[in-house]
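> what would the 3D arrangement of this be:
(one chain, ligands or ions: 1)
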Amino acid sequence: MAAVVGIYAEPKEKIDFRKISGFVEGNLGFTVKLKRLKHGIVQSKGLLYNPIATGRLFEKVRLKKSDIDILITDRLIATYEDSDRRLHVRAAVFGYPSVISTSGIVEAPAKPKEYYLQKQKYSLLKAWELKEGEVKKVFRDRFIDYHDKRMPEVLKGFVSQAIFFNLTGSPFCEKKNCRLFNAHWQEDLIKAQIHSGKFCKNHQQELKSIKEEVGCHA
Ligand SMILES: [Zn+2]
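Presented below is the predicted three-dimensional model:
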C-alpha cells in the first residue's frame, strides 16, 4: 500500500502547497513530500501534452521514497480526443506521474454562457479590453481565474483525484457535491471544490479505509 505522495511544483507556481499537504495528510493519511523544481519538466508539442518526454525528465527529479507522484504546472496542456479528433485543454492528465495544470483549471471547464455573451458583445464593440475587469468582477463567484485565491482549495480536489486514480484506477465521482466530481463547467467546479469542499458519503467511506490501510504501513 502506498504511503507517500510526492508533489512536484514547477518553478513558476507561487501557491502555498502546505494547505494541500495538510489536506491530503488529514483526509487520506498519506505523508506528503513537496519538491520545488528548478526547471520546468512538463513537455508538450504546442499544446499537445507529451507524457513520454515528461516522464523521462521526471525520472531525474523523482523523490526516492514516493509512491504516488503529482506534478503541478502552470503550462497549458491538451490531449487529443479520438471521438471528435480535436485537442482538448485539460485541468489534469492522470498517469505516472499525474499532471495538474493551474492554467487548465482556469481554461478547461467552461465559464457561464452569460459571460461569453458579454465578452462577445464588448468584443464586437471593441471595448473588451476596457470592460474585461468589470465583467470579471460580476462573474467572480462563477469561475476561477488566474491568480485566484481559491486555487489551493481547488487543487485539493484535483490532487485527491490523482490519488484515487493511482489507488483505484478511477479518479472521478458522478456526485456533484463530491471533490472527485469531473466538472465540465466552472460553476460545477466551484460547487464541488469550494461550496461543498467535501467528499460524498461513499468516497468518505472509501477514504476511511484508505486512511486505515495507509496507517498500518506508515
Ligand atoms: Zn464521490
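> the residue of the chain positioned farthest from its centre and the ion, how far apart?
Distance from the centre of the chain peaks at residue 125, with 35.0 Å (Cα atoms, centre = their mean). Computed as Cβ to the ion, to the nearest Å, the residue 125 to the ion distance reads 44 Å. Every C-beta, even on glycine, is put in place using the N, C-alpha and C of the backbone.
> what do you get for residue 186?
For residue 186, the distance to the ion under the criterion Cβ to the ion works out to 20 Å.
> for the closest residue to that residue other than its chain neighbours, grab phi and psi.
Ranked by Cβ to Cβ, 6 or more residues apart in numbering and with sequence neighbours excluded, the top spatial neighbour of residue 186 is residue 143, at 3.7 Å. The phi and psi torsions at residue 143 (degrees, to the nearest 10) take the values phi -160, psi 160.
> was I right about residue 143 contacting residue 111?
Yes: using Cβ atoms under 8 Å, residue 143 and residue 111 qualify as a contacting pair, with a distance of 4.6 Å.
> up against the ion, what does the chain have?
Where proximity means Cβ under 5 Å from the ion, the interface of the chain facing the ion comprises 173, 175, 178, 180, 200, 203.
> show me where this protein has its strands.
Applying DSSP state E to the chain gives strands spanning 4-9, 31-36, 44-45, 48-49, 68-73, 77-81, 86-90, 92-93, 98-101.
> what's the burial count for residue 147?
Residue crowding around residue 147 was assessed by other Cβ atoms under 10 Å; the count is 8.
> cool, and the one 10 residues further on?
Neighbourhood size, residue 157 [other Cβ under 10 Å]: 26.
> isn't it up against residue 180?
Yes: counting by Cβ under 8 Å, residue 157 touches residue 180, with 7.2 Å between them.
> in contact with residue 21, which residues?
When contacts are counted by Cβ atoms under 8 Å, 6 or more residues apart in numbering, residue 21 is found next to 7, 32, 34.
> just residue 11 next, same as before
The neighbourhood of residue 11, defined by Cβ under 8 Å, 6+ apart, consists of 36-40.
> redo those residues as JSON lines? Include neighbour count.
Converted to JSON lines, those look like this (neighbours: other Cβ atoms under 10 Å):
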{"residue": "36", "neighbour count": "11"}
{"residue": "37", "neighbour count": "19"}
{"residue": "38", "neighbour count": "9"}
{"residue": "39", "neighbour count": "9"}
{"residue": "40", "neighbour count": "16"}
